[in-house]
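Visitor: below is the structure, and that's it, no one-letter string:
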């Protein structure tokens, strides 16, 4: 119907009225991502995160809680290989805290003086440990499904952090007529609606030391913020530096404007008189 209206000779107000009458106006004005006919999943909503403002930084407490959710719930299957222990220092943990966490892990290192590999305790320069040695081991432990690395997941999916939150909280019973294969679970936000990962979060899955209620939505929010930070750990510094650059550019603009007026004022205010001889 909309294409027929576009081809007609109706005026703009009449087209707008016709669109509103058909109920399409609300879909055009809605802030949510538009659904396309080729989509095989429900697009995530825009939840509005605290760190998405022009000068807003990540919530350090949410990152700390999200790291706890990752280590206690997600780390058994998923890796975050691009993040090292030292990158969390000064963000969500102190250097002493992260050093104590890192030393509990064992890492393969070497070779030593005898040419042999050996295990050593972890240190701040090490990446977060992987649950599996390689992709084949991961698939063998998960019935052929490969749990992806989560380092850049907030950048790798349409919707970003909104998609992660919607996926973690979107598990539900399949609609009538949709048959789920064994080992698959219905999630309308996942491509195809069938996902091999069961619902990872339930109320009380973790216990927050700061007393925050560990509801499913709270844990999903915290792990979403943590994974968003993992995808762009330079987020806060980039905004801070950008704000400084804008201040410097603004000052340079003022100085340039003043110099321009000072330099060209004698020429623009001069009076030229023509005298006949």
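Guide: Nice, I can see it. This structure is a prediction, so every number in the text was calculated from the model and none was measured.

Visitor: return the set of buried residues in stretch 184-194.
Guide: Residues 184-190, 193-194 are the ones in stretch 184-194 that count as buried (16 or more other C-beta atoms under 10 Å). Just so you know, the C-beta spots here come from the backbone N, C-alpha and C atoms, and that holds for glycine as well.

Visitor: do stretch 158-175 as well
Guide: Across stretch 158-175, burial judged by 16+ other C-beta under 10 Å covers 159-171.

Visitor: want to throw those into CSV with distance to residue 226 and secondary structure?
Guide: Shown next, in CSV, are those (distance: C-beta to C-beta, whole Å; DSSP: H, G, I helix; E, B strand; the rest coil):
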residue, distance to residue 226, secondary structure
159, 17, coil
160, 13, coil
161, 10, helix
162, 15, helix
163, 15, helix
164, 10, helix
165, 12, helix
166, 16, helix
167, 15, helix
168, 12, helix
169, 16, helix
170, 19, coil
171, 20, coil
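
Visitor: returning to that earlier point: can you tell me which two in the buried residues of stretch 184-194 are farthest apart?
Guide: Taking C-beta to C-beta, the two most distant members of these are 184 and 189; they sit 14.5 Å apart.

Visitor: how about the contacts made by residue 116?
Guide: When contacts are counted by C-beta atoms under 8 Å, 6 or more residues apart in numbering, residue 116 touches residue 110.

Visitor: mind checking the SS state of it?
Guide: coil (DSSP: H, G, I helix; E, B strand; the rest coil).

Visitor: distance of it from residue 110?
Guide: To residue 110, residue 116 is 6 Å away according to C-beta to C-beta, to the nearest Å.

Visitor: what's the answer for residue 63, then?
Guide: 33 Å.

Visitor: higher neighbour count, those two?
Guide: Comparing residue 63 with residue 110 by neighbour count (other C-beta atoms under 10 Å), the higher total belongs to residue 63, at 24 against 12.

Visitor: the helix or strand harbouring the more buried one packs against which elements?
Guide: For residue 63, the enclosing helix or strand under DSSP states H and E is helix 60-69. Judged by 3 or more C-beta pairs under 8 Å, 6 or more residues apart in numbering; DSSP states H and E, the packing partners of helix 60-69 are helix 216-231.

Visitor: buried residues in the helix it packs on?
Guide: The neighbour-count check on helix 216-231 (16+ other C-beta under 10 Å) flags 216, 218-231 as buried.

Visitor: helix, strand, or coil at the nearest residue to residue 135 once chain neighbours are set aside?
Guide: Among residues not flanking residue 135 along the chain, residue 146 sits closest, at 5.9 Å (C-beta to C-beta, 6 or more residues apart in numbering). At residue 146 the chain is in coil, as set by three-state DSSP.

Visitor: can you check residue 119 too?
Guide: Three-state call for residue 119 (three-state DSSP): strand.

Visitor: ok, it - contacts?
Guide: The contact partners of residue 119, by C-beta under 8 Å, 6+ apart, come to 106-109.

Visitor: closest one of those residues to residue 54?
Guide: Nearest to residue 54 among those is residue 107, at 40.1 Å by C-beta to C-beta.
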